[in-house]
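Novice: Coordinates only, no sequence provided:
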Ligand code: NAD
């Protein structure tokens, strides 16, 4: 009897076991997948035209414009059309609860009928905090590669703790990508932010709702980000590279939103919320340590990631080698120590981290393993895949 042929979609050289994309998924494909409804308008130099079209479609005449440092020109052009628009420009990383409260009050005072956020993840995050209690629709215009615009995840920080949750009200109704708005993003921030996007791709491979659709999306995101970030470091004014970063960012955010938060994001959220470390750079540093930690329990995902990251060989450890090569080429930040974290901070963050890492993580975590990971990341020591993990 003829053998049933195996179909291997989207699988790179040497990767024959594509179907094992999440822990516990057997050789027969069986999974649940949920997509989030959202319109994406993508085009360099077209943000104003796209936002106008979206506001008329919403319809909105009194939008609250939540504006980060790179959004002031666009915000002025939008409000020139709409005299009742209100501009809010107090945007702080990790969304302090007190600012969220005041922005919500401003939305109420202005009788706002929509929110337009123009800025990085912090501006999008504040827009989400307002939408969470008001239900106002968001049009998000990102100026970094944080990817928050593609998710229904919100976060607010109070008393040194970042509380996060998911809610359909905070998912932007429309995302407007205009790479010209990212041209002013300094190279070090572009690199850290791009690696933040890459972290969405990697965590989506083993997060609690990982599935083959998220994996396919995440791996194309990783491939696109690798190519675009290398082009960007060669020429930061390369508009194709900036477009490629936004394309990869969106795929990364979509995969992350669907798969959920894995070990990497749980660690970084605690470090950001409790120690106020810079978000993107923290992700850029922690990613190789989490990849090294999880590779022994996620060898199939690691092989596919190695292909996406352009590795020369497709052994599981090749993903880490390729990531480290990319990070070196990009001049990525190397240690949590250089971002301000010390070993004295470990006992402060460890209980929160251990509590939040999903039990489905491919390699079970212990107090010792997470403390060791943090110590190595503080020093910037070379991450190592432990075969006996
Ligand atoms: P950010 O928004 O704080 O921006 C970092 C700095 O870059 C700021 O000083 C900002 O003014 C500046 N900047 C932004 N765009 C610029 C541009 N084009 N040119 C010049 N300067 C520019 O940082 P971020 O990394 O984009 O976002 C971090 C925040 O987003 C964190 O609070 C994080 O938790 C959140 N986030 C949330 C999600 C989610 O799904 N909810 C996902 C990713 C990030």
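Specialist: Now that the structure is in, tell me what you want to look at. Since this is a predicted model, take the numbers as computed values, not measurements.

Novice: For stretch 31-45, give the mean pLDDT please.
Specialist: Across stretch 31-45, the average pLDDT comes to 95.

Novice: Buried residues, that stretch. List them.
Specialist: 38, 40, 41, 44 (16 or more other Cβ atoms under 10 Å). Where C-beta positions appear, they are placed from N, C-alpha and C, glycine not excepted.

Novice: can you tell me which residues contact the first one?
Specialist: With contacts taken as Cβ atoms under 8 Å, 6 or more residues apart in numbering, residue 38 has the following neighbours: 150, 171, 172, 173, 174, 175.

Novice: Look up how far residue 220 lies from it.
Specialist: Residue 38 is 18 Å from residue 220, where distance means Cβ to Cβ, to the nearest Å.

Novice: go on, the third one?
Specialist: Relative to residue 220, residue 41 is positioned 20 Å away (Cβ to Cβ).

Novice: Please apply the same query to residue 238.
Specialist: Distance from residue 238 to residue 220, by Cβ to Cβ: 20 Å.

Novice: just residue 311 next, same as before
Specialist: Applying Cβ to Cβ to residue 311 and residue 220 gives a distance of 16 Å.

Novice: Neighbour count for those two, which is higher?
Specialist: residue 311 (23 against 18; other Cβ atoms under 10 Å).

Novice: Quickly find the element holding the more buried one.
Specialist: Under the criterion DSSP states H and E, no helix or strand holds residue 311.

Novice: ok, now residue 370?
Specialist: helix 367-379.

Novice: just how off-centre is the helix ranked longest in the chain within its chain?
Specialist: The residue-count maximum for a helix in the chain (DSSP state H) belongs to helix 212-234. Helix 212-234 sits 12 Å away from the centroid of its parent chain (Cα atoms, centre = their mean, to the nearest Å).

Novice: And for stretch 123-136?
Specialist: For stretch 123-136 - counting by Cα atoms, centre = their mean - the centre lies 18 Å from the chain centre.

Novice: can you check stretch 201-210 too?
Specialist: 12 Å.

Novice: okay, how far is it across it, tip to tip?
Specialist: 11 Å (Cα to Cα, to the nearest Å).

Novice: Now pLDDT too, for the contacts of residue 38, in a markdown table please.
Specialist: Listed next are these as a markdown table, based on pLDDT from 0 to 100:
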| residue | pLDDT |
| --- | --- |
| 150 | 98 |
| 171 | 98 |
| 172 | 98 |
| 173 | 98 |
| 174 | 98 |
| 175 | 98 |
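
Novice: Same list, those, but as CSV with distance to residue 55 please.
Specialist: Below are the contacts of residue 38 laid out as CSV (distance: Cβ to Cβ, whole Å):
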residue, distance to residue 55
150, 20
171, 18
172, 13
173, 11
174, 10
175, 14
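
Novice: Buried members of those into PyMOL, please.
Specialist: Here is the PyMOL command that selects the buried residues among the contacts of residue 38 (16+ other Cβ under 10 Å):
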select buried, resi 150+171+172+173+174+175
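
Novice: Get me the contact residues on the stretch 101-250 of the chain for the ligand.
Specialist: 119-123, 125, 143-144, 146-148, 151, 153, 155, 181-182, 184-185, 189, 193, 196 (Cβ under 6 Å from any ligand atom).

Novice: again, only this time at 8 Å
Specialist: 119-125, 128, 142-148, 150-151, 153-155, 162, 164, 181-186, 189, 192-193, 196, 200 (Cβ under 8 Å from any ligand atom).

Novice: Can you flag which of those belong to strands?
Specialist: 119, 142, 153, 154, 155, 162, 164 (DSSP state E).

Novice: Quickly name whichever of the residues you listed is closest to residue 382.
Specialist: residue 162 (29.2 Å; Cβ to Cβ).

Novice: ok, now how distant is the residue nearest to that closest one when sequence neighbours are not counted from residue 359?
Specialist: Nearest non-adjacent residue to residue 162, counting by Cβ to Cβ, 6 or more residues apart in numbering: residue 273, 2.5 Å away. Residue 273 sits 22 Å away from residue 359, taking Cβ to Cβ as the criterion.

Novice: Looking at the two, which has the bigger crowd around it?
Specialist: More neighbours surround residue 273 than the other of residue 273 and residue 359, with 24 against 7 (other Cβ under 10 Å).

Novice: The helix or strand harbouring the more buried one - what's its average pLDDT?
Specialist: In this structure, residue 273 sits in helix 263-275 according to DSSP H and E. Throughout helix 263-275, pLDDT has a mean value of 94.

Novice: Sounds good, over and out.
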